[in-house]
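Engineer: Prediction below, plus the sequence it came from.
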Amino acid sequence: MEKTVLLVGDAQFLAEMYGVLSPLTGVVESLGDEKDALKKMRGEHIRTMVVDDDVCSRKTFGRLLAHAKRVGKDVIVLSSDARHEKILAAQKAGASDYILKPHHVREFIARFNAVRYKKTRIVCLGGGTGLFNLLIGLKDIRNTLLFSIVSTTDDGGSSGRLRASFGILPPGDIRRSLVALSDAPELMNQLMQYRFTKGGHFVGHNFGNLFLTALAELRGSMTAAVRDISDLLYLQGIVLPAVENQATLCARFKNGKVIKGESAIDLCKGRDPELLITKVWHEPEAICNKNLFPVLINADLVLIGPGDLYTSVVTNLLVKDIRRALAITKAKKVFICNLMNKPGETSGYDAATHTKEIVRYMGGDYLDYAIYSSTYLSFSAIQRYAENKQTLVSVGNVDALRRITKAKIILDDVSHETELVRHDSAKIRREIEKVIAGKTNKHARNLPLQGS
């Protein structure tokens, strides 16, 4: 078997990594001695180097990365150091990925293979049904590794009840991402989505939510629970809760009224649905999942949306470390605009307003692409949504979009043409494949307004 991986670390690290990687590829072992490692790198056909940062001196670590960069080798760093400065320095020195300890074997293998086989690493930021449908579509793109960063401010329904009772992160949107990326038998996916309709206190609860809650109690955190259940579902990707603490989404409206709680903002009870939101924030400040920063920094593509603008998408952009990573990462950032407005949240918003709010809460115009639908919807579909005070997000004048963002504006047929107005997973997949290949539409035209 061809020896293509160099391990640099102490005896315990070598034994662990050898057990993980030897079934996948040949492994050349090395202790954390700089001269030994450099010699083996020159003398063997090394394709990838995996370095335990915790046992290497700063000098040794720097020289190994510098040499690997010069000779064109991929380097994966494992480290307990979550400081942004260290992660950025490693990337600048040539590291292809930076994985925080304690690492999870399945996730490590997925990320190792992504580096080894030059897969496109795609990060999806969002929540709710929008994120679920997006993941369903992207799951089948070849030679990619998907990361789902899931919003965790839901406080309604089954998720809200479990959050309040157990003090855990709400499991609902996390569960949806797990099912979307699952490669388990269909019965297991149905079980994860099963909602109790009888049984007293069980009514309204989702089995998958209860399963995640039990695992979080057993393992000590929702992050650990997600990793465990990912193994059971043979996950084709990596799901990451956006934050580590319970944070409440708050919104101030144009009349000065403040509403706290995602469900209260979302349901729009007892207020004028046309009243606009002027500001959203978290209380207390959300603490970012420490694994997110290196994932975003080393990504190739970051997809923002679709999903409820404030309660599913912007709630992630409020997290300080996510904003910082988006400002720094070399990944292409793609905004996928919603199709319909939501009463009490985005009433009357056009595509330009949606885009403006994304740029605002990102902290700057870091977008590279923005995707809007040009699908012509039937009059009956528009009327059906109008009965619930939902209106189409009109694209209108493309020049207005160009005044907001430098992003390449993509207008294409990305929606279902049925009575249910939502993004078509297959169409979105084809559009993202074009972005990856650099073959997006070069010109965007103005569209006539629908439903007027």
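Structural biologist: It's in. Numbers count the residues shown, from 1 in each chain.
Engineer: Excluding covalently adjacent residues, which one is nearest to residue 67?
Structural biologist: residue 38 (5.9 Å; Cβ to Cβ, 6 or more residues apart in numbering). To be clear about C-beta, it is placed using only N, CA and C from the backbone, and glycine gets the same treatment.
Engineer: Would you confirm that that neighbour contacts residue 63?
Structural biologist: Yes: here residue 38 reaches residue 63: they are 7.4 Å apart, a contact under Cβ atoms under 8 Å.
Engineer: show me where pLDDT drops low in the stretch 1-150 of the chain?
Structural biologist: Within the stretch 1-150 of the chain, the stretches with pLDDT under 70 are 1-3, 32-33, 43-44.
Engineer: just so I have it, where are all the helices in the stretch 1-150 of the chain?
Structural biologist: Secondary structure of the stretch 1-150 of the chain (DSSP state H, counting those that start in this stretch): helices at 11-21, 34-43, 58-70, 84-93, 105-116, 128-138.
Engineer: how many degrees apart are the longest one and helix 34-43 in direction?
Structural biologist: To tie it back to what came earlier, the one meant is helix 58-70. Angle between the axes of helix 58-70 and helix 34-43 is 10 degrees (criterion: axes from the mean of the first three to the mean of the last three Cα atoms, to 10 degrees).
Engineer: show me the contacts for residue 124.
Structural biologist: When contacts are counted by Cβ atoms under 8 Å, 6 or more residues apart in numbering, residue 124 touches 131, 134, 135, 138, 146, 147, 148, 149, 303.
Engineer: from those residues, which is closest to residue 333?
Structural biologist: Closest to residue 333 out of the contacts of residue 124 is residue 303 (8.2 Å), distances taken as Cβ to Cβ.
Engineer: Okay, and that closest one sits in which element?
Structural biologist: For residue 303, the enclosing helix or strand under DSSP states H and E is strand 301-304.
Engineer: Summarise which helices and strands the following helix or strand past that strand is packed against.
Structural biologist: Sequence-wise, the next helix or strand downstream of strand 301-304 (DSSP H and E) is helix 315-317. With contacts defined as 3 or more Cβ pairs under 8 Å, 6 or more residues apart in numbering; DSSP states H and E, the packing partners of helix 315-317 are strand 120-126, helix 320-328, helix 351-362.
Engineer: Compare the ones you listed and give me the one nearest residue 434.
Structural biologist: Among the helices and strands packed on helix 315-317, strand 120-126 comes nearest to residue 434, with 12.7 Å by Cβ to Cβ.
Engineer: between that closest one and helix 105-116, how many degrees?
Structural biologist: Going by the same axes, to 10 degrees, strand 120-126 makes 130 degrees with helix 105-116.
Engineer: Strand 120-126 - which strands sit beside it in the sheet, and in what orientation?
Structural biologist: Paired strands of strand 120-126, with direction, are strand 144-150 (parallel), strand 301-304 (parallel) (DSSP bridges).
Engineer: Is it possible to get JSON lines of those strands that adds mean neighbour count and distance to residue 224?
Structural biologist: JSON lines is the format used below for these (neighbours: other Cβ atoms under 10 Å; distance: least, Cβ to Cβ, whole Å):
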{"stretch": "strand 144-150", "mean neighbour count": "26", "distance to residue 224": "15"}
{"stretch": "strand 301-304", "mean neighbour count": "25", "distance to residue 224": "25"}
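Engineer: among the ones you listed, which is nearest residue 212?
Structural biologist: Closest of the strands paired with strand 120-126 to residue 212 is strand 144-150, at 11.5 Å (criterion: Cβ to Cβ).
Engineer: what residues does the closest one touch?
Structural biologist: Contact with strand 144-150 is made by 110-111, 113-114, 119-127, 131, 135, 138-139, 173-174, 177, 180-181, 236-242, 292, 295, 299, 316, 322, 436, as judged by Cβ under 8 Å, 6+ apart.
Engineer: Need the buried ones from these selected in ChimeraX.
Structural biologist: Buried residues among the contacts of strand 144-150 (16 or more other Cβ atoms under 10 Å), as a ChimeraX selection:
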select :110,111,114,119,120,121,122,123,124,125,126,127,131,135,138,139,173,174,177,180,181,236,237,238,239,240,241,242,292,295,299,316,322,436
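Engineer: neighbours around the nearest residue to residue 279 once chain neighbours are set aside, how many?
Structural biologist: Nearest residue to residue 279, sequence neighbours excluded (Cβ to Cβ, 6+ apart): residue 252, at 4.6 Å. Burial of residue 252 is recorded as 14 neighbouring residues (other Cβ atoms under 10 Å).
Engineer: Please apply the same query to residue 95.
Structural biologist: When neighbours are defined as other Cβ under 10 Å, residue 95 has 27 of them.
Engineer: That one contacts residue 79, correct?
Structural biologist: No: with contact defined as Cβ under 8 Å, residue 95 does not count as touching residue 79 (9.8 Å).
Engineer: All the helices of the stretch 201-350 of the chain, residue numbers only.
Structural biologist: Here the stretch 201-350 of the chain has its helices, by DSSP H, counting those that start in this stretch, at 207-219, 222-232, 262-267, 292-297, 315-317, 320-328.
Engineer: Lowest average pLDDT across these?
Structural biologist: In terms of average pLDDT, helix 262-267 trails the rest of the helices of the stretch 201-350 of the chain, at a mean of 91.
Engineer: State the pLDDT value of residue 300.
Structural biologist: Turning to residue 300, the model gives it a pLDDT of 98.
Engineer: Could you measure from it over to residue 365?
Structural biologist: Going from residue 300 to residue 365 by Cβ to Cβ, to the nearest Å gives 20 Å.
Engineer: What of residue 216?
Structural biologist: Distance from residue 216 to residue 365, counting by Cβ to Cβ: 38 Å.
Engineer: quick one: which of the two has more around it?
Structural biologist: Taking neighbours as other Cβ under 10 Å, residue 216 and residue 365 compare with residue 216 leading, 24 against 16.
Engineer: Verify the stated contact: the more buried one with residue 224.
Structural biologist: Yes: using Cβ under 8 Å, residue 216 is in contact with residue 224, at 7.4 Å.
Engineer: Return the most buried member of the helices and strands packed on helix 315-317.
Structural biologist: Highest mean neighbour count among those (mean count of other Cβ atoms under 10 Å): strand 120-126, with a mean of 26.
Engineer: before we move on, back to that, distance to residue 54 added to the helices and strands packed on helix 315-317, as CSV?
Structural biologist: Converted to CSV, the helices and strands packed on helix 315-317 look like this (distance: least, Cβ to Cβ, whole Å):
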stretch, distance to residue 54
strand 120-126, 24
helix 320-328, 22
helix 351-362, 33
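Engineer: Of all the ones you listed, which one comes closest to residue 59?
Structural biologist: Here helix 320-328 is closest among the helices and strands packed on helix 315-317 (Cβ to Cβ), at 25.6 Å.
Engineer: Not counting its own residues, what contacts the closest one?
Structural biologist: If you take Cβ under 8 Å, 6+ apart as the criterion, helix 320-328 is touched by 84, 88, 125, 149, 242, 285-286, 288, 292-293, 296-297, 302, 316-317, 333, 361-364, 366.
Engineer: orientation of it relative to strand 120-126 in degrees?
Structural biologist: 130 degrees.
Engineer: This completes my enquiry, with thanks.
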